[in-house]
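1. Show me how the following folds:
(chains A and B)
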Amino acid sequence: MALEASAPASRVDIIGALRQAAITALITFGLLLPLIGFNTVQNIRNEIVLETRWPLLAALVAIIAAGRFLHAILIAPWLARRAQRQRREDAVRTAPRARGARWVVPFALGFAAVYPALALSLAGTQGAVKWVDNFGVQILIYVMLGWGLNIVVGLAGLLDLGYVAFYAVGAYSYALLANSFGLSFWILLPVAGCLAAFWGILLGFPVLRLRGDYLAIVTLAFGEIIRLILINWVPVTNGYAGISSIPRPTFFGIPFNASDEGFAARFGLEFSPVYRTVFLYYLILALALVTAALTVRLRRLPIGRAWEALREDEIACRSLGINTTNTKLTAFAMGAMFAGFAGSFFAARQGFISPESFTFMESAVIVAIVVLGGMGSLLGVAIAAVIMIGGTEIMRELDFLKAVFGSDFDPTQYRMLLFGFGMVLIMVWRPRGLIATREPSTLLNASRSSRRHEEKAQSTRPSLVRGRHG
Amino acid sequence: MSAANHAAATAGAAANATAPLSSLAPVLSVDHLSMRFGGLVAINDLCFTARRGDITALIGPNGAGKTTVFNCITGFYKPSEGRIALQFGDPGVWEELGALTQRGTRRASRGDGVLFLLERMPDYLVTQKARVARTFQNIRLFQGMTVLENLLVAQHNPLMWASGYTVLGALGLPSYARAERSAIDKARYWLERTALSERADDLAGELPYGAQRRLEIARAMCTDPVLLCLDEPAAGLNPSESAELGRYLHAIRDEHATSILLIEHDMTVVMEISDHIIVLDHGQKIADGAPDDIRNDPKVIAAYLGVEEEEMADGEVQ
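-> Just a heads-up that it's a prediction; the model follows:
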């Protein structure tokens, strides 16, 4: 479609596109000459030798120039047409969500429920561990974190760049309490959630007056403070070395090990690590679904509406008698609590945690998931988590690329590059995230919603006073 | 709503019993109010009262300090000096004013009468407890939420109570469902009054300007106020919309026991709808009285030099 539509335009513009490509090539050459063209290496006698890499430089310049050329003749006209169409469609932006979405959710839930069985039957008991753990459990942890942060960022509109701190609080709470007091996972799961919520409130107090960029900076600092405490408070947290031999969760008291008391022996199965993985998968699936269900419920309660109102206009909230302090603190606490749950699950799944797992990069990935998914949309956040985390994991599997780029090519090294590329694409195509429509928490004229756009024109100047008294 | 009516009725009965405090007892009394921002004196020693059941207008040239007065009354600013007292229920409680001021607390009650010192309260409590609602000069709706949701957010506090501070509501108890239904009924009533029923499920930000103004007033009314503060409600409305607004405000005053305090620049609207006018200039009160007195007050005419004076004359012709 893009090809045939752009055909007349390209005939006119081809000279201009070539000129733009040439300019881009020149700029690229100037920039990359010192960066790529020359390379210093140490030879065997420890001397620095200057090398030149002309073929690589030429290839990069050619790729970028070609990209600019294609952009000018194909993508730019297409974007312009799209923007025009978008403007026309803007008026009906609030139309109820596309009919397709109605079956997406049940289908996704069904797929999530049968996924381990699917992996087991397709990859066998040995291969399934990787698929269930790397793709299933890993993605679901981030889905849950995304849904938790969605309460703070998506609903209440408080940009929190230190969310991983609460994840760390949950993980260390479980690890330390389980190791020193021998308490079980099922007791410590709510404890870790409560401790994380407590820290969420502690963070909430100093940042009550801050908004936007300032809030983001302070929460970012908070995340770093927690990580530095974990590194430096060696007597308690064991510093960089982390905490190992964290007890793994049991199947309601039955451990997943090779002993006679273990899960496999009890149920008359042959021992395999896959049972634990499948159990962990369903555990995190249940935790994530609890997060989603509670979010859906809270959105329909006054507290959820107050969060969204706070995102829209804080001063108006105060003028309506809403205690914005409490509203913000509950949002922070609720978001932090889910991170605490996810954190204690993470510690129990890994059996080992260290401050390395709770860097700023993790916070950035979770924020990116929420922003890409569309602020406030549960489905969008889940899709974004699948793309971002699943995409990273997929890259580990792309061994055939080594045949193309040489044996020392490691696709995971290009993870951040691809993240950035994906972010730019999403921001160009869907600046408000994958799913940008917001579903109202209640409808007055539910049955009439399809009709209302026709009535729009008539209601611009209605009479102000009508006789009826309620 | 019915509770407010009931309160007003008993207040009237009580007023008959206590002779000196007639039905003209003020709903709001501002004494020696001053507000300074650094060296700038925005309000200087301002005293006025707003009577119950009146539409009181606050007018004055640009920069006279009108919006600052509003911000002091609604708790958005802490005044540098002065006292702002608001009362509803039995007017006999006004006698407690001196004692309350001495005591340093914010609330006094006698019978069903309650007296609040607003300058001692944070902004959200002014609305929640003292039942003062306000609108803003540049409309502040929750633009990304629907019209109905805007009206439900305004009923946050009663709904929060009904949902057991979220706990009972999250468990899905029927008492919350009932409370929410009655909140929606109240919203529906105000949507009908403002002719917005058809647009209830549209985003507030998508409404035309005049409808947004009406919605903001409806939202303020959903908090069940005894005093409604409107900051330039007629700004940007065409003449027929302004006339409708006047009728709408009269209806609110007559049917809901809500007194109205408004800031307005449109002199036609002010002269037509207000019972009482206070004129400010450079943070000081220069006139105070019925519309007819204000119209002929030389000080007011002097303050409104030039264009505004013509508008005053227009008002006189009508």
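2. so what's B:Lys186 closest to, chain neighbours aside?
-> Nearest residue to B:Lys186, sequence neighbours excluded (C-beta to C-beta, 6 or more residues apart in numbering or on different chains): B:Cys222, at 6.3 Å. Yep, even glycine has a C-beta here, placed from its N, CA and C like the rest.
3. where does chain A have its least confident helix or strand?
-> The helix or strand of chain A with the lowest confidence, counting by mean pLDDT, DSSP states H and E, is helix A:452-455 at a mean of 40.
4. Pick out the residue closest to the middle of chain A.
-> A:Ile369 (2.1 Å; C-alpha atoms, centre = their mean).
5. low-scoring stretches of the chain, by residue?
-> Picking chain A for this. Applying pLDDT under 70 to chain A flags residues A:1-12, A:88-101, A:401-409, A:445-470.
6. let's do chain B instead
-> Low-confidence segments of chain B (pLDDT under 70): B:1-24, B:164, B:166-167, B:169-172, B:305-318.
7. remind me, longest helix of it?
-> As assigned by DSSP state H, the longest helix anywhere in chain B is helix B:174-193.
8. Now the element after it, going C-ward?
-> helix B:209-221 (DSSP states H and E).
9. Direction included, what does the next helix or strand after that following helix pair up with?
-> For helix B:209-221, the succeeding helix or strand toward the C-terminus, using DSSP H and E, is strand B:227-231. Next to strand B:227-231 in the sheet, as set by DSSP bridges, lie strand B:132-134 (parallel), strand B:259-263 (parallel).
10. which of the ones you listed is buried the deepest?
-> Among these, ranked by average contacts under mean count of other C-beta atoms under 10 Å in any protein chain shown, first place goes to strand B:132-134 (a mean of 28).
11. Name the next helix or strand downstream of that strand, please.
-> helix B:147-153.
12. Need the contact partners of that next one.
-> A:302, A:305-306, A:308-309, A:317, A:320, A:322, A:440-444, B:141-142, B:145, B:159, B:180, B:183-184, B:186-187, B:190-191, B:196, B:199-204, B:207, B:215, B:218-219, B:222 (C-beta atoms under 8 Å, 6 or more residues apart in numbering or on different chains).
13. what residues are up against residue 263?
-> By default, I'm working from chain A. Contacts of A:Phe263 by C-beta under 8 Å, 6+ apart are A:Phe251, A:Ile254, A:Pro255, A:Phe256, A:Asn257, A:Leu269, A:Tyr275, A:Arg276, A:Phe279.
14. Let me rephrase: I mean chain B.
-> So B:Ile263 contacts B:Ala57, B:Leu58, B:Ile59, B:Lys66, B:Thr67, B:Phe70, B:Gln137, B:Leu230, B:Asp231, B:Glu232 (C-beta under 8 Å, 6+ apart).
15. All the strands of the chain, residue numbers only.
-> In the absence of a named chain, chain A is used. For chain A, the strands defined by DSSP state E occupy A:38-42, A:48-52.
16. think we crossed wires, I meant chain B
-> Using DSSP E, strands in chain B cover B:26-37, B:40-51, B:55-59, B:81-88, B:107-110, B:113-117, B:132-134, B:227-231, B:259-263, B:276-281, B:284-289.
17. Among the ones you listed, single out whichever gets nearest to A:Ala21.
-> strand B:227-231 (56.4 Å; C-beta to C-beta).
18. sorry, back to before: surely the residue nearest to the centre of chain A is in contact with A:Met388?
-> Yes: A:Ile369 is within contact range of A:Met388, at 5.6 Å (criterion: C-beta atoms under 8 Å).
19. list residues touching both of these two?
-> Common neighbours of A:Ile369 and A:Met388 (C-beta under 8 Å, 6+ apart) are A:Tyr142.
20. A:Ala197: how many residues sit nearby?
-> For A:Ala197, the count of nearby residues is 25 (other C-beta atoms under 10 Å in any protein chain shown).
21. for it, what are its contacts?
-> Taking C-beta under 8 Å, 6+ apart, one finds A:Ala333, A:Met334, A:Ala336, A:Met337, A:Gly340 in contact with A:Ala197.
22. Please apply the same query to B:Ser175.
-> B:Ser175 sits in contact with B:Ala162, B:Leu168, where contact means C-beta under 8 Å, 6+ apart.
23. what separates it from B:Ser163, distance-wise?
-> 9 Å (C-beta to C-beta, to the nearest Å).
24. Neighbours of residue 59, how many?
-> Using chain A. 12.
25. that's the wrong chain, I wanted chain B
-> B:Ile59 has 26 nearby residues by other C-beta under 10 Å.
26. domains for the chain, by residue range?
-> Defaulting to chain A. Annotated domains of chain A cover A:2-85, A:104-429 [automatic domain parsing].
27. my bad, the chain I had in mind was chain B
-> B:2-131+B:225-317, B:140-223.
28. give the contact list for the residue nearest to A:Gly162 when sequence neighbours are not counted.
-> Of all residues not flanking A:Gly162 in the chain, A:Gly223 sits nearest, at 2.8 Å (C-beta to C-beta, 6+ apart). Counting by C-beta under 8 Å, 6+ apart, A:Gly223 touches A:Leu161, A:Gly162, A:Tyr163, A:Val164, A:Ala165, A:Phe358, A:Phe360, A:Ser363.
29. Would you mind checking the contacts of A:Phe263 for buried ones?
-> A:Pro255, A:Phe256, A:Asn257, A:Tyr275, A:Arg276, A:Phe279 (16 or more other C-beta atoms under 10 Å in any protein chain shown).
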